[in-house]
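[1] Take a look and give me a structure for this.
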Amino acid sequence: MQQKILFVCLGNICRSPLAEAIFNKQIQTRGLSEKYSADSCGTSDFHIGERPDARTIRNARHHEIELEHLGRQLVVQDFSQFDLILTMDRANHQHTLDLSAKAQHKSAEIRMVRSFDPESFGAHDVPDPWYGNEEGFEEVFQILWRSCDALINHLELQTPKKLKSHPSSL
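    Okay, the predicted model is just below:
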């Protein structure tokens, strides 16, 4: 049974589609595409149906990763369709938790993506590069690359149907 991962940010045009693409690239490289799949969305409805930000696309291409995602908004059905939902920052984490309370059927564990980052040094948020320059997009790429790599390592150590219980802390 394939484990489904959902990455969540605010607008679904910078961080979360990049995380989705990185995760998919890493599982493909490791030959794990049949075990895992990923999608992404935003907590807002600002960019539904839009392609990722041009700077995100450029940054991903620089690392030989193609983004093929169109923006969508987080919906209550996501909590029953995904096994793990990973948020990019505290505000979107809280919004995701609030929306999950409305879901009748829940199977997803909700965590922050940087809980897997071996270099987080206590930082919880993936910074939003929207207002910054190209260096901010590269910083986000590096954070997400490390976090996805560690996430896959974590998933590979778990039983097929359930993620290892982990204290839910930010």
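[2] Could you check how far Q142 is from N59?
    Counting by CB to CB, to the nearest Å, the gap from Q142 to N59 is 10 Å. C-beta coordinates here come from the backbone N, C-alpha and C atoms, glycine included.
[3] When these two are compared, which one has more neighbours?
    In this view Q142 and N59 are compared by other CB atoms under 10 Å, and N59 has more residues nearby, 23 against 13.
[4] ok, that one - contacts?
    N59 sits next to L18, E134, F137, E138, V140, F141 when contact means CB atoms under 8 Å, 6 or more residues apart in numbering.
[5] hey, where'd the helices end up in the protein?
    With DSSP state H applied, the chain shows helices at 15-29, 54-62, 78-81, 90-100, 134-157, listed in chain order.
[6] okay if I get the contacts of N59 as TSV plus pLDDT, neighbour count and distance to A38?
    Below are the contacts of N59 laid out as TSV (pLDDT from 0 to 100; neighbours: other CB atoms under 10 Å; distance: CB to CB, whole Å):
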residue	pLDDT	neighbour count	distance to A38
L18	98	33	11
E134	90	12	25
F137	98	23	19
E138	98	15	21
V140	98	24	16
F141	98	21	16
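[7] Closest one to F82 out of the residues you listed, please.
    Relative to F82, the closest of those is L18; by CB to CB it sits at 18.0 Å.
[8] what separates the closest one from L144, distance-wise?
    L18 sits 6 Å away from L144, going by CB to CB.
[9] List the contacts of the residue of the chain positioned farthest from its centre.
    Residue farthest from the centre of the chain, counting by CA atoms, centre = their mean, is Q104 at 22.8 Å. Counting by CB under 8 Å, 6+ apart, Q104 touches V76.
[10] Could you tell me the per-residue confidence at it?
    Note for Q104: predicted pLDDT of 82.
[11] Over to G122?
    Here the pLDDT value assigned to G122 is 83.
[12] Give the burial count for it, as a bare number.
    5.
[13] again with T29
    T29, neighbours per other CB under 10 Å, totals 10.
[14] just A91 next, same as before
    Neighbours of A91 using other CB under 10 Å come to 14.
[15] Tell me who's in contact with the nearest residue to it once chain neighbours are set aside.
    Spatial nearest neighbour of A91, excluding adjacent residues (CB to CB, 6 or more residues apart in numbering): L10 at 7.6 Å. Counting by CB under 8 Å, 6+ apart, L10 makes contact with G42, T43, S44, F46, M88, D89, A91, N92, D128.
[16] Would you convert those residues into CSV that also reports pLDDT?
    Below are those laid out as CSV (pLDDT from 0 to 100):
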residue, pLDDT
G42, 98
T43, 98
S44, 97
F46, 95
M88, 98
D89, 98
A91, 97
N92, 98
D128, 97
